[in-house]
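K.L.:
mind looking at a prediction? Sequence and model below.
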Amino acid sequence: MTWSLTSPITGAAQTGFTAPTYTLTADTASDVNGKQSAVTALGGTQTGVVAHSVAAPFTIAFWRPKVLKILGRTNPVTGLLPSVPLNTYKVVTKKGVLPLAGQPYALARISTVIEIPSGSDAADPANLRALFSAHIGALTQQSAGMGDTAITGVM
């Protein structure tokens, strides 16, 4: 399956939130190799949270390489690859936040950069899937802890 967010998405646990959901609307990414959605409505209890607006953006975007890299030839003497290029994917979530009451919104970002060695998609798909499963599972498990750390500075 390709990147295709379905609306609404269920948010992960956060201190003070109850059953958070986010209704999405397709948006235009800033380049042709991206897909973007804007959060246009909120569900559950998320006191003080605002949906997407020009002043306070709330978007989730996925980016893939414009040109996918492939493996080159092996060294005829050693049989080894001289280098393994990386295909870099990115997920970026942006949210307008207030830096101080009465001030304009500033943009907060979370970026997940995904670097996949060329050829591993065909040679080792199971381990690539395990990479995503463990990474996303860890983020989901620690969502509230990461939010708490961003608020308190305590890890």
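P.N.:
In hand now; what should we look at?

K.L.:
from now on I want contacts and neighbour counts done on CA atoms only, so please keep to that.
P.N.:
OK.

K.L.:
can you name the farthest residue from the center of the chain?
P.N.:
Distance from the C-alpha centroid of the chain peaks at residue 77, with 41.7 Å (CA atoms, centre = their mean).

K.L.:
quick check, that one in a helix?
P.N.:
No - Residue 77 sits outside any helix when classified using DSSP: H, G, I helix; E, B strand; the rest coil, being coil.

K.L.:
who touches the helix ranked longest in the chain?
P.N.:
In the chain, assigned by DSSP state H, the helix with the most residues is helix 125-141. Here helix 125-141 makes contact (CA atoms under 8 Å, 6 or more residues apart in numbering) with 12-13, 120-121.

K.L.:
show me what secondary structure element comes after that helix.
P.N.:
Sequence order places helix 143-152 as the next helix or strand after helix 125-141, per DSSP states H and E.

K.L.:
that following helix vs helix 125-141, what angle?
P.N.:
Helix 143-152 runs at 50 degrees relative to helix 125-141, counting by axes from the mean of the first three to the mean of the last three CA atoms, to 10 degrees.

K.L.:
does residue 26 sit in a helix or strand, and which one?
P.N.:
strand 18-27.

K.L.:
distance between the longest helix of the chain and the chain's centre?
P.N.:
13 Å (CA atoms, centre = their mean, to the nearest Å).

K.L.:
I'd like the average pLDDT over it.
P.N.:
Helix 125-141 shows a mean pLDDT of 89.

K.L.:
in that helix, which residues are buried?
P.N.:
For helix 125-141, the neighbour count (16 or more other CA atoms under 10 Å) marks no residue as buried.

K.L.:
repeat for stretch 72-87
P.N.:
Buried residues in stretch 72-87 (16+ other CA under 10 Å): 85-87.

K.L.:
cool, and stretch 146-155?
P.N.:
In stretch 146-155, counting by 16+ other CA under 10 Å, buried: residue 146.
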